[in-house]
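[1] Pasting the sequence and the predicted model now:
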Amino acid sequence: MKWLIPPVLCVGCLAGMVVLDRWLPLARPLAVLRWLGLALLVAGVLLIVTVGLLLLRYRTEIHTFGEPRRLVTGGPFRFSRNPIYLGFVVSLLGAWCYLGSVSPLLGVVAFFLAANYWYIPFEEERLLEAFGEAYRTYQRRVARWLGPGISRS
């Protein structure tokens with residue numbers, strides 16, 4: 001299923017969120033958060049674009065299933081080993097807040113689970129093969145999603 005790249009899944013989740021909001025809204029406690037939702041959506045997209053441009057500048061692979069050519073650890077990669085996935089999740093959280101009902105949260109959860117348990121482990125395996133101890137050191141220093149890594153003694 002290498003055609004199901006993260007942007008395709010994200011758009012699919014977003015479409016599913018809109019359908020759930022229209023057909024099965026459950027409750028609307030988030031309706032007051034529309035501006036926050038819009039801000040999160042924009043912030044997530046800006047993060048995705050910023051990281052994408054950084055990867056292009058370093059001439060390394062941006063495609064999930066491609067061969068990594070360079071280990072990038074600067075810019076947003078100082079805070080997250082997966083800032084593009086983080087951007088997708090932040091964008092989907094923003095869409096959820098903007099839509100205002102509870103049911104679209106399923107789209108956010110679906111994307112997070114696919115990223116955390118399918119895409120990211122696949123990429124981490126490839127990065128370990130390509131960069132070995134340099135990537136292990138980076139893993140210890142920076143968390144998968146956000147913040148400091150977990151020290152392994």
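    Noted; the coordinates are in hand.
[2] ok, Ser101 to Pro6 distance?
    Ser101 is 25 Å from Pro6, where distance means Cβ to Cβ, to the nearest Å. In short, each C-beta sits where N, CA and C put it, glycine included.
[3] Ok, Tyr135 next?
    From Tyr135 to Pro6 the distance is 20 Å (Cβ to Cβ).
[4] mind listing what's buried in the longest helix seen in the chain?
    The longest helix of the chain (DSSP state H) is helix 34-57. For helix 34-57, the neighbour count (16 or more other Cβ atoms under 10 Å) marks 37, 40-41, 44, 47-48, 51, 54-55 as buried.
[5] Local confidence estimate at the spatially most central residue of the chain?
    Of all residues in the chain, the one closest to the mean position by Cα atoms, centre = their mean is Tyr85, 1.4 Å from it. Looking at Tyr85, its pLDDT is 98.
[6] now do the one 4 residues further on
    The predicted structure scores Val89 at 98 on the pLDDT scale.
[7] Report all helices and strands that the host helix or strand of it contacts.
    For Val89, the host element (DSSP states H and E) is helix 83-99. For helix 83-99, the elements it packs on are helix 6-23, helix 34-57, helix 105-114, judged by 3 or more Cβ pairs under 8 Å, 6 or more residues apart in numbering; DSSP states H and E.
[8] Redo these as a markdown table? Include distance to Phe131.
    Shown next, in a markdown table, are the helices and strands packed on helix 83-99 (distance: least, Cβ to Cβ, whole Å):
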| stretch | distance to Phe131 |
| --- | --- |
| helix 6-23 | 21 |
| helix 34-57 | 15 |
| helix 105-114 | 24 |
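[9] does Trp3 count as helix, strand or coil?
    For Trp3, the assignment made with DSSP: H, G, I helix; E, B strand; the rest coil gives coil.
[10] So it versus Val45, what's the distance?
    For Trp3 relative to Val45 (Cβ to Cβ), the value is 23 Å.
[11] how close does the spatially closest residue to Gly75 that is not a sequence neighbour get to Arg70?
    Leaving aside its chain neighbours, Gly75 sits nearest to Leu54 (4.9 Å; criterion: Cβ to Cβ, 6 or more residues apart in numbering). Here the distance between Leu54 and Arg70 works out to 11 Å (Cβ to Cβ).
[12] remind me which residues of the chain are low pLDDT?
    Under the criterion pLDDT under 70, the flagged ranges of the chain are 1, 29-31, 149-153.
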